[in-house]
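Student: Just the structure for this:
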Amino acid sequence: MELILWRHADAEPGFPDLARVLSARGQEEARDAAQWLTERLPPSCRILVSPAQRTQQTAAMLARPYETVAALAPEANMSALLAAADWPKQKSVTVIIGHQPTLGEAATFLLGKSRWTPKTASLCWLKAVATCGQAQAALVAVFTP
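Tutor: Down below sits the predicted model:
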């Protein structure tokens, strides 16, 4: 399995949190990240997105079908994210568009390395590897617009 953890792009402040939209800078960040991903993603991949407006707008930049998953909302935890991704059993490449600190916690857990704190619109591409019978991940790529 390959898992791409993509933090939503920069968003305007506001309330309620789920209704926050991308800023002008965020729209540019999301376009840059989507272009980078589009050049590398296989034709068929799963794209799972938080219900927050800013993640939906980030996902739309890919111009591919995606699924909104309530378990990826801003208050999600790492376990919910990994369960939604079906880590490490899923055969297809899976893109998760979500939030901090959940994305950073998942990458840190899977890589067994120091804490990853992604900036807006950054992504971390991981590949499942078996280590002593336990599924961990190898880093494939990191992108920051």
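Student: what's the nearest residue to Leu72 if we skip its chain neighbours?
Tutor: Ser50 (4.1 Å; Cβ to Cβ, 6 or more residues apart in numbering). Every residue, glycine included, has its C-beta placed from N, CA and C.
Student: Can you read off the pLDDT for Gln134?
Tutor: The model reports Gln134 with a pLDDT of 64.
Student: Repeat that for Arg115.
Tutor: 80.
Student: Can you get me a residue count around Leu61?
Tutor: Not Leu; residue 61 is Met. The burial count assigned to Met61 is 21, neighbours taken as other Cβ atoms under 10 Å.
Student: Tell me the first helix or strand C-terminal of the longest helix seen in the chain.
Tutor: Assignment by DSSP state H gives helix 24-38 as the longest helix of the chain. Sequence order places strand 46-49 as the next helix or strand after helix 24-38, per DSSP states H and E.
Student: partners of that next one in the sheet?
Tutor: Applying DSSP bridges, strand 46-49 is found paired with strand 67-68 (parallel), strand 94-98 (parallel).
Student: Same list (these) but as JSON lines, adding mean neighbour count, mean pLDDT and distance to Leu82.
Tutor: Shown next, in JSON lines, are those (neighbours: other Cβ atoms under 10 Å; pLDDT from 0 to 100; distance: least, Cβ to Cβ, whole Å):
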{"stretch": "strand 67-68", "mean neighbour count": "13", "mean pLDDT": "98", "distance to Leu82": "16"}
{"stretch": "strand 94-98", "mean neighbour count": "26", "mean pLDDT": "98", "distance to Leu82": "9"}
